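**Student:** just a sequence and a predicted model for now, questions to come.
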Amino acid sequence: MRDSLLLVAAAVAAFGLSLAGSFHFDDYALFNTPSVTAWTATRPLTNLTFKLNEWAGGQDPAGYHLVNLALHLAAVLLLHLTLAAILPRRAALLAAGIFAVHPILAEPVNYVFARGTLLSTLLCIASLHAWLRDRRWTAVLWFAAAMLTKEEAVAFPIFLFLLDASRHRFRAGVAPLAAMLALALAAGLRVLTATAQVQGAAVGFTAHTGPFEYLAAQGVVILRYWRMILLPWGFTVDPEIAVPAMWIRVGAWALILAAILLATRWWSNLRAGFWFIGSLLLLLPSSSIFPADDLAADRRMYLPVVALCAALGILLAHWKSTTAQATVIILLAAISVRQSLIWRTEQSLWADAVSLAPHKARPRLWLSRSAASRAGALAILAEAQSIAPGDPAVASEQGRILLGNGRTAEALQAYGRALALAPGDPVALSNRGAALAALGQTDPAIQDFTRALEKNPCLFNARINLKRITGRLPPAQGCPYTQAEQDDLSH
């Protein structure tokens, strides 16, 4: 009980400020998109928790952050209970303590939309706990639930196989492992199908980076993750990952391979080497050949850090000074407090991201949305345009702000530039149509809205604007509109 109270106190001290945080980034999609789409349907348990949050507290971010923090606390306590059964007491406590407070976990705890990662990890720890107690089919059920929260844990069955192999018990769970692998395969196929259907998913088939190009860059990304675990600085919601020369990418993977070979010397009997290799295995679904436009994201480390913390706990347990061990935990918690302060507001989050990614446009785009004035937002967007003159999103954001400021002619120019950069894009067409309508150019506006709906029949802004101009609603079937959007279209 004493150890559990210490762990809860440490985790709350590190991340308690998350309760005062705002929504960020994709969090707003929780309210601006339909409750069921091809993408959210792949994560029904996660989506259900969001709906329960909305039912209980509306759109107050405090309730959403409270659930995220509670999930982290549950993961910490369950991890300690699980590791205590197979590791020495001090090693298990140190591992759970590091997991409770490490700043690389600030993003999944503070970022509401990352809840799927928290849930998936918690359920995988529950599966591991059952597996170690020889309740293999119960472990399968926990893993099945994890696959309904987020698919990044698909490598977990292989981790369990290696766990049994390291303990010379790998024959005990062949059928349950086969069931888990089948569930993982189904989840992988499901997410591939969903990413192919969801416009703008920026992962899988819709990513702008190819599988092998993505894999080549991941060696550098993994080394960055390791550095942040051991030397905790540089955490950011939008890291700037410059793809280096090929020889550097090959060298990064060579270092990783060398580390794996070294770790195999401490492989058996659940020593640090096993947990280190296990962490790499758990990272593979997001750091191998399944591409994403974001080469790195700190939240992807939440599940792999479970294994890494076990390795660190084993190593730190050899350090006989309790004071030194406590100092490590306190320093990590202090850094996490700072990270939670950064995550409190949109302005502080994206200002920090801009400072850490000076050559990237997207952080400036998001920072502009939290600017105190439209003039300030346009100044930030001008910087973004100078960094990425070919980014249509920057031009579209400039057009939105100019249109809201009554500078309609300038907004039309900005939207026209966005359309030139993304020819035929239905959103760009709809935006230009809105500017034309504001200028009284009704016929060209109708043409833009009509063309936008030809390319995307469910585009709400084009549909509602066309109805306002013509009084007619073009036919559409199967469009996943929110209830508010349906109400607007029906009036």
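**Tutor:** Good, I have the coordinates.
**Student:** pLDDT on the helix or strand hosting Val250, on average?
**Tutor:** Element membership for Val250, per DSSP states H and E: helix 246-263. For helix 246-263, the mean pLDDT works out to 90.
**Student:** could you point out which element follows it?
**Tutor:** Counting by DSSP H and E, the next helix or strand C-terminal to helix 246-263 is helix 272-283.
**Student:** ok, residues contacting that next one?
**Tutor:** The set of residues that contact helix 272-283 without belonging to it, under CB atoms under 8 Å, 6 or more residues apart in numbering, is 153, 155-156, 158-159, 162-163, 166, 222, 225, 256, 259-260, 262-268, 300-301, 303-308, 310-312, 314-315. Just so you know, the C-beta spots here come from the backbone N, C-alpha and C atoms, and that holds for glycine as well.
**Student:** mind redoing it with 6 Å?
**Tutor:** Around helix 272-283, the neighbours that count as contacts under CB atoms under 6 Å, 6 or more residues apart in numbering are 155, 158-159, 166, 260, 263, 266-267, 303-304, 307-308, 310-311, 314-315.
**Student:** other SSEs contacting the helix or strand just after it?
**Tutor:** Proceeding C-terminally, helix 272-283 gives way to helix 302-317 as the next helix or strand, assigned by DSSP H and E. Other elements packing on helix 302-317 under the criterion 3 or more CB pairs under 6 Å, 6 or more residues apart in numbering; DSSP states H and E are helix 89-101, helix 115-132, helix 272-283.
**Student:** now do the longest one: which elements does it pack against?
**Tutor:** The one in question is helix 115-132. Identification of packing neighbours for helix 115-132 by 3+ CB pairs under 6 Å, 6+ apart yields helix 44-57, helix 61-83, helix 136-147, helix 302-317.
**Student:** what about stretch 420-428, how long is it end to end?
**Tutor:** Using CA to CA, to the nearest Å, one end of stretch 420-428 lies 9 Å from the other.
**Student:** how about the helix-or-strand element of the chain with minimal mean pLDDT as CSV, C-alpha atoms only?
**Tutor:** For the chain, the helix or strand with the lowest mean confidence is helix 483-490, at a mean of 73 (criterion: mean pLDDT, DSSP states H and E). Included here for helix 483-490 are C-alpha records, laid out as CSV according to Å, rounded to 0.1, in the frame of the first residue of the first chain:
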residue,chain,number,x,y,z
GLN,A,483,-26.4,16.4,-35.6
ALA,A,484,-25.8,20.1,-35.6
GLU,A,485,-24.9,20.0,-39.3
GLN,A,486,-28.0,18.0,-40.1
ASP,A,487,-30.1,20.6,-38.3
ASP,A,488,-28.5,23.4,-40.3
LEU,A,489,-29.1,21.7,-43.6
SER,A,490,-32.7,20.9,-42.7
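**Student:** pull the residues that contact it.
**Tutor:** Residues beyond helix 483-490 that count as contacts (CB under 6 Å, 6+ apart) turn out to be 460, 464.
**Student:** what mean pLDDT does the strand or helix carrying Ala418 get?
**Tutor:** Per DSSP H and E, Ala418 falls inside helix 408-421. On average, the pLDDT along helix 408-421 is 90.
**Student:** that helix: how far from the chain's middle?
**Tutor:** A distance of 32 Å separates the C-alpha centroid of helix 408-421 from that of its chain, computed with CA atoms, centre = their mean, to the nearest Å.
**Student:** tell me the buried residues in it?
**Tutor:** Across helix 408-421, burial judged by 16 or more other CB atoms under 10 Å covers 408, 410-419, 421.
**Student:** turn the residues you listed into a markdown table, including distance to Gly97.
**Tutor:** Written out in a markdown table, the entries for the buried residues of helix 408-421 read as follows (distance: CB to CB, whole Å):
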| residue | distance to Gly97 |
| --- | --- |
| Thr408 | 58 |
| Glu410 | 55 |
| Ala411 | 53 |
| Leu412 | 58 |
| Gln413 | 56 |
| Ala414 | 51 |
| Tyr415 | 53 |
| Gly416 | 56 |
| Arg417 | 52 |
| Ala418 | 49 |
| Leu419 | 54 |
| Leu421 | 50 |
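**Student:** ok so, going back, what's the most buried one of the helices and strands packed on helix 115-132?
**Tutor:** Each of these was scored by mean neighbour count; the highest is helix 302-317, a mean of 24, by mean count of other CB atoms under 10 Å.
**Student:** packing partners for the helix or strand following it?
**Tutor:** Counting by DSSP H and E, the element after helix 302-317 in chain order, helix or strand, is helix 322-342. Applying 3+ CB pairs under 6 Å, 6+ apart, we find helix 322-342 packed against helix 2-15, helix 89-101, helix 106-110, helix 346-356.
**Student:** can I get these in a markdown table including mean pLDDT, mean neighbour count and distance to Thr482?
**Tutor:** Conversion of those to a markdown table gives the following (pLDDT from 0 to 100; neighbours: other CB atoms under 10 Å; distance: least, CB to CB, whole Å):
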| stretch | mean pLDDT | mean neighbour count | distance to Thr482 |
| --- | --- | --- | --- |
| helix 2-15 | 94 | 18 | 31 |
| helix 89-101 | 96 | 25 | 37 |
| helix 106-110 | 97 | 27 | 26 |
| helix 346-356 | 94 | 19 | 22 |
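**Student:** of those helices, which approaches Arg135 most closely?
**Tutor:** Taking CB to CB, helix 89-101 is the member of the helices and strands packed on helix 322-342 nearest to Arg135, at 19.7 Å.
**Student:** name the helices or strands packed onto the closest one?
**Tutor:** Using 3+ CB pairs under 6 Å, 6+ apart as the contact criterion, the secondary-structure elements in contact with helix 89-101 are helix 2-15, helix 61-83, helix 302-317, helix 322-342.
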